[in-house]
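Peer 1: no FASTA, just this:
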Ligand code: PLP
């Protein structure tokens, strides 16, 4: 264990089993450790570094803004925040924006907004239906929203107000709806819950049901938003529009920022009903505006579709080659490879030794979520490493 890792063990809470590598530098799709070893990064800050590491456009926006104005609070107008809100609204189906600092905070804000809507327009309805195997964040309220027993159990009792229904099943949502339901909240593709891709008509079915009942559809696009699954926003892949959407991860290409957006009719907060000290901070908003602007101007979602298809084709090739690869799934550059047995950690360690970072999704599955700017050659390089790693695994 290196000096840094010993200090980490001494001073940090042990909330995660970190990979035994200390990263010190990044550029594009590569990172370097403190011993000078280089890795191809197919984790990307857990689907965060949209433009790769230290993209000049982001670095430039950050440094320029840091020299100019860093923090003033929400009491004052600031230009980067307004520019970013305009960019998000003009390129989405939504009308109004609220900025915060993380995915959990963004999604919790979206739920608060739906509850407020329920108070004002749905006779006090407050319940939100979410999906089994969903993931919405680590605050207590988002732990309650998350449809995974193992994440909820250590924290019981959880705040009330959520019902869980099977994912990719409109009937299950119909059955869970009551007079107390104010919204349904879903991920367009479930990320942390296993990279679960729903049928193409699922979200349209849920949208139609929400319209019939007069309740809101919230999409948690913290992982799928900002190009990750092949369109600027995940909902565009499914031909529907949400009433409220949360964003974070890829929005700042590594700079911590979250947001939720709403249609005009759903944007019911009055002054004083929600807030954040750091939300809309000029530096984070400048980085996010540079990220989103670059993604739109350079049609990065087109790269995601092209390279994502190539990655999935390659992974499917591995499935044909190795009988213990039982599933390959994904959309855009949110992809996973699943094994018959719990060999994912062994495979991830072997990838690391060969210079590839991959994410341990489940004991039997790896997630591949590279920067959105990744090229075909880098995907080929990752596939070659995976191939060699799987060839060395005896099950
Ligand atoms: N929602 C979704 C869909 C996520 O994937 C995540 C994180 O993985 C979150 C919310 C929570 O985001 P954060 O870790 O930034 O709080």
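Peer 2: Arrived safely. Remember, it's a predicted structure, so these values are computed and weren't measured experimentally.
Peer 1: residue boundaries of the helices in the chain?
Peer 2: For the chain, the helices defined by DSSP state H cover 3-11, 44-47, 56-68, 79-90, 103-121, 140-145, 149-152, 170-176, 202-213, 282-297, 300-321, 344-353, 376-391.
Peer 1: list the helices and strands the third one packs on?
Peer 2: It stands for helix 56-68. Applying 3 or more C-beta pairs under 8 Å, 6 or more residues apart in numbering; DSSP states H and E, one finds that helix 56-68 contacts helix 282-297. Using the backbone N, CA and C atoms, a C-beta is placed for each residue, glycine as well.
Peer 1: List the buried residues of the helix it packs on.
Peer 2: Neighbour-count burial for helix 282-297, counted by 16 or more other C-beta atoms under 10 Å, picks out 282-295.
Peer 1: Pull up the residues of the stretch 151-300 of the chain that are close to the ligand.
Peer 2: Counting by C-beta under 6 Å from any ligand atom, the stretch 151-300 of the chain comes close to the ligand at 187, 191, 192, 220, 222, 223, 248.
Peer 1: so residue 326 touches residue 339, yeah?
Peer 2: Yes. Contact criterion C-beta atoms under 8 Å: residue 326 and residue 339 qualify, at 6.3 Å.
Peer 1: what sits against residue 186?
Peer 2: By C-beta atoms under 8 Å, 6 or more residues apart in numbering, residue 186 lies in contact with 130, 131, 134, 167, 203, 206, 217, 218, 219, 220.
Peer 1: Let's see if you can find the most crowded of those.
Peer 2: residue 220 (34 neighbours; other C-beta atoms under 10 Å).
Peer 1: For it, give me its contacts.
Peer 2: Neighbours of residue 220 in contact, by C-beta under 8 Å, 6+ apart: 103, 107, 110, 134, 136, 185, 186, 187, 245, 246.
Peer 1: Can you lay out those residues as TSV showing distance to residue 356 and pLDDT?
Peer 2: Listed next are the contacts of residue 220 as TSV, based on distance: C-beta to C-beta, whole Å; pLDDT from 0 to 100:
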residue	distance to residue 356	pLDDT
103	25	98
107	31	98
110	35	99
134	29	98
136	29	98
185	34	99
186	32	99
187	26	99
245	32	99
246	31	99
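Peer 1: From the residues you listed, list the buried ones, please.
Peer 2: Among the contacts of residue 220, the ones that count as buried by 16+ other C-beta under 10 Å are 103, 107, 110, 134, 136, 185, 186, 187, 245, 246.
Peer 1: Out of those, flag the one nearest to the ligand.
Peer 2: residue 103 (2.2 Å; C-beta to the nearest ligand atom).
Peer 1: Show residues contacting stretch 339-346.
Peer 2: 323-326, 347, 360-366, 393, 395.
Peer 1: Against residue 7, how distant is residue 22?
Peer 2: 10 Å (C-beta to C-beta, to the nearest Å).
Peer 1: and if you look at residue 336?
Peer 2: With distances taken as C-beta to C-beta, residue 336 is found 33 Å from residue 7.
Peer 1: Which segments of this structure make up each domain?
Peer 2: Annotated domains of the chain cover 3-55+300-391, 56-297 [automatic domain parsing].
Peer 1: winner for burial among these?
Peer 2: Mean neighbour count, computed with mean count of other C-beta atoms under 10 Å, is highest for domain 56-297 among those, reaching a mean of 20.
Peer 1: First-to-last residue distance for that one?
Peer 2: End-to-end span of domain 56-297 (C-alpha to C-alpha, to the nearest Å): 15 Å.
Peer 1: ditto for stretch 127-144
Peer 2: Start-to-end span of stretch 127-144 (C-alpha to C-alpha) is 12 Å.
Peer 1: Stretch 234-244 too?
Peer 2: 13 Å.
Peer 1: can you list contacts of that stretch?
Peer 2: Stretch 234-244 is contacted from outside by 93-94, 110, 113-114, 183, 187-189, 200, 202-204, 207, 210, 216-219, 221, 224-225, 228-231, 245, 260-263, 265-266, 331, using C-beta under 8 Å, 6+ apart.
Peer 1: Look at the spatially most central residue of the chain and report its pLDDT.
Peer 2: Nearest to the geometric centre of the chain sits residue 223, at 1.5 Å (C-alpha atoms, centre = their mean). At residue 223, the model reports a pLDDT of 98.
Peer 1: any weak-confidence spans in this protein?
Peer 2: Applying pLDDT under 70 to the chain flags residues 395.
Peer 1: ok, 50 please
Peer 2: Along the chain, no part satisfies pLDDT under 50.
Peer 1: wait, what's in contact with residue 388?
Peer 2: residue 354.
Peer 1: how about a cut-off of 6 Å?
Peer 2: Under the criterion of C-beta atoms under 6 Å, 6 or more residues apart in numbering, residue 388 has no neighbours.
Peer 1: repeat for residue 96
Peer 2: Shown here is residue 96, whose contacts under the criterion C-beta under 6 Å, 6+ apart are 262, 267.
Peer 1: How about it: which residues does it bridge to?
Peer 2: Legend: beta-bridge partners of residue 96 under DSSP bridges are residue 262.
Peer 1: quick one: it from residue 13, how far?
Peer 2: Computed with C-beta to C-beta, the distance linking residue 96 and residue 13 is 37 Å.
Peer 1: and if you look at residue 206?
Peer 2: Counting by C-beta to C-beta, the separation of residue 206 from residue 13 is 38 Å.
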